[in-house]
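J.: Quick one: sequence plus predicted model below, questions after.
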Amino acid sequence: MKKILTLAVAAALASGAAVTQAYEAGDWILRAGAVTVAPDADSDIVDESLPVTVDVDDDTQLSIIGAYMVDPYWGIELLAATPFSHDIDVNEVDAQAGETKHLPPTLSVQWYPRGAADGWQPYVGIGVNYTYFFDEEANSDLEAIVGKADLDLDDSFGLSASAGVDIPLGENWALNAGVWYIDIDTTATVKLKEAGGAKVKFDVDIDPWVYNIGIAYKF
């Protein structure tokens, strides 16, 4: 995904630099494309009796990103996407602990240093993320070790940082590429059904890099 994003931006810079697309106060920008969540995960050990850690795999979904220009240089962006689905893997052995789905809406304030100028529009931003986990399931690999179990992940609030660029393809259309780093920390709870409902809790830092490549339309 990183290589595709880099090549696409380079091609667009070569072909679209002369096309005008200055931003103005009141502009709405709708961006859509493919967005990949690539966790840089780290976790505590699951339990002293089960001294293993877990990792979270990547997933790609459809991005739907809206931005509103407060003035030519400042905008507010909401990152949204179709639900992501992730396998939760055990690091020390070839096994899966479970799987989960999540939605990570992220609201950012962005600065566009060339907002009032024609041509390409780079931007950087800071924001806040809320991640909602749902449809968590313990995997059969985990249940083979601990017996029947339920898996639950706490929702997360965290900060984010982002950067991106709109490369105009016309007066209203542009190619968009963006990247976010998001602080997503959760507590995983494994409820052991065959041990009187005993619960095992451990912290997981997901902290993903998020990459988007797509198109943008300015209203």
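T.: All right, it came through fine.

J.: Give the residue farthest from the middle of this protein.
T.: Largest separation from the mean C-alpha position in the chain: Gly196, at 36.7 Å (C-alpha atoms, centre = their mean).

J.: Run a quick check on Phe202 versus Ser43, I expect a contact.
T.: Yes. Assessed by C-beta atoms under 8 Å, Phe202 is found in contact with Ser43 at 6.2 Å. To be clear about C-beta, it is placed using only N, CA and C from the backbone, and glycine gets the same treatment.

J.: Look up the closest residue to Thr187, ignoring the ones flanking it.
T.: Leaving aside its sequence neighbours, Thr187 sits nearest to Asp154 (C-beta to C-beta, 6 or more residues apart in numbering; 4.6 Å).

J.: From the chain's centroid, how far away is the strand of greatest length in the chain?
T.: Identified as the longest strand of the chain according to DSSP state E is strand 121-138. Chain-centre distance of strand 121-138: 5 Å, with C-alpha atoms, centre = their mean, to the nearest Å.

J.: Please renumber the chain so that the first residue is 84 from this point on.
T.: With the count now opening at 84, the last piece we talked about shows up as strand 204-221.

J.: That strand packs against which elements?
T.: Packing partners of strand 204-221 (3 or more C-beta pairs under 8 Å, 6 or more residues apart in numbering; DSSP states H and E): strand 157-164, strand 178-186, strand 189-194, strand 232-236, strand 239-251, strand 256-265, strand 268-275.

J.: mean confidence score for the helix or strand just after that strand?
T.: Sequence-wise, the next helix or strand downstream of strand 204-221 (DSSP states H and E) is helix 223-229. The predicted model assigns helix 223-229 a mean pLDDT of 78.

J.: One more: stretch 134-154?
T.: The model assigns stretch 134-154 a mean pLDDT of 94.

J.: Render the CA-only coordinates of it in CSV, please.
T.: Output of stretch 134-154 as CSV, limited to C-alpha atoms (Å, rounded to 0.1, in the frame of the first residue of the first chain):
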residue,chain,number,x,y,z
PRO,A,134,2.7,-16.0,29.0
VAL,A,135,2.0,-15.0,25.4
THR,A,136,1.4,-11.7,23.6
VAL,A,137,-0.9,-10.9,20.7
ASP,A,138,-0.7,-9.0,17.4
VAL,A,139,-3.4,-7.5,15.2
ASP,A,140,-3.3,-7.9,11.4
ASP,A,141,-4.0,-5.4,8.6
ASP,A,142,-7.2,-4.7,6.8
THR,A,143,-8.3,-2.6,3.9
GLN,A,144,-11.8,-1.0,3.4
LEU,A,145,-13.6,1.7,1.6
SER,A,146,-12.9,5.2,2.9
ILE,A,147,-15.4,8.0,3.1
ILE,A,148,-13.7,11.3,4.2
GLY,A,149,-15.4,14.6,4.5
ALA,A,150,-13.7,18.0,5.0
TYR,A,151,-15.0,21.5,5.4
MET,A,152,-12.8,24.6,4.7
VAL,A,153,-13.2,27.2,7.5
ASP,A,154,-11.0,29.5,5.4
